[in-house]
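A.B. asks: One predicted model, sequence on top.
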Amino acid sequence: MNTPPGTQPERTRLSWRRTVLAATVVTLLVARLSVPALALAVLDWLAVLVLAQRRISALSAGRTGVANRVPLAAAAAVFGYAVLGALFVLLHTG
């Protein structure tokens with residue numbers, strides 16, 4: 001399949017926007033289910049938001065150094081959501 005030149009950065013920008021949207025939904029669910037965990041979820045959401053913005057800006061400017069570090073930091077933010085989920089399950093199943 002031939003894709004027009006220049007569409008890869010646009011697809012990457014859109015995927016980062018979907019990632020932020022998914023993080024927003026998870027944060028809202030955490031807020032609905034557990035108010036004490038809300039602060040951690042909001043911090044994690046802010047981290048994903050900042051990382052996505054840095055990645056999008058780096059792509060626009062053609063910088064690859066920043067762009068290469070962002071996925072690792074995003075993986076750490078997703079791990080934070082996983083820890084929140086595990087804590088929620090452990091605290092509410094007893």
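C.D. replies: Received the coordinates, thanks.

A.B. asks: going forward, measure contacts between C-alpha atoms and count neighbours the same way
C.D. replies: Noted.

A.B. asks: how many neighbours does residue 35 have?
C.D. replies: Residues contacting residue 35 under the criterion other C-alpha atoms under 10 Å number 11.

A.B. asks: Beyond the helix or strand where residue 10 lies, next helix or strand please.
C.D. replies: Using DSSP states H and E, residue 10 falls within helix 7-33. Note on helix 7-33: by DSSP H and E, the next helix or strand toward the C-terminus is helix 38-61.

A.B. asks: Counting by contacts, list what the helix holding residue 10 packs against.
C.D. replies: In terms of contacts (3 or more C-alpha pairs under 8 Å, 6 or more residues apart in numbering; DSSP states H and E), helix 7-33 is packed against helix 38-61.

A.B. asks: After the helix it packs on, which helix or strand is next?
C.D. replies: helix 65-92.

A.B. asks: can you tell me the average pLDDT over that following helix?
C.D. replies: Averaging pLDDT along helix 65-92 gives 79.

A.B. asks: about what we covered before: which residues in the helix holding residue 10 does the neighbour count mark as buried?
C.D. replies: 13, 16, 17, 19, 20, 23, 24, 26, 27, 28, 30, 31 (16 or more other C-alpha atoms under 10 Å).

A.B. asks: Generate JSON lines for those residues, with pLDDT and distance to residue 38 as supplementary columns.
C.D. replies: Shown next, in JSON lines, are the buried residues of helix 7-33 (pLDDT from 0 to 100; distance: C-alpha to C-alpha, whole Å):
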{"residue": "13", "pLDDT": "86", "distance to residue 38": "27"}
{"residue": "16", "pLDDT": "87", "distance to residue 38": "23"}
{"residue": "17", "pLDDT": "92", "distance to residue 38": "22"}
{"residue": "19", "pLDDT": "89", "distance to residue 38": "19"}
{"residue": "20", "pLDDT": "92", "distance to residue 38": "17"}
{"residue": "23", "pLDDT": "90", "distance to residue 38": "13"}
{"residue": "24", "pLDDT": "92", "distance to residue 38": "12"}
{"residue": "26", "pLDDT": "86", "distance to residue 38": "11"}
{"residue": "27", "pLDDT": "89", "distance to residue 38": "7"}
{"residue": "28", "pLDDT": "90", "distance to residue 38": "9"}
{"residue": "30", "pLDDT": "83", "distance to residue 38": "6"}
{"residue": "31", "pLDDT": "84", "distance to residue 38": "5"}
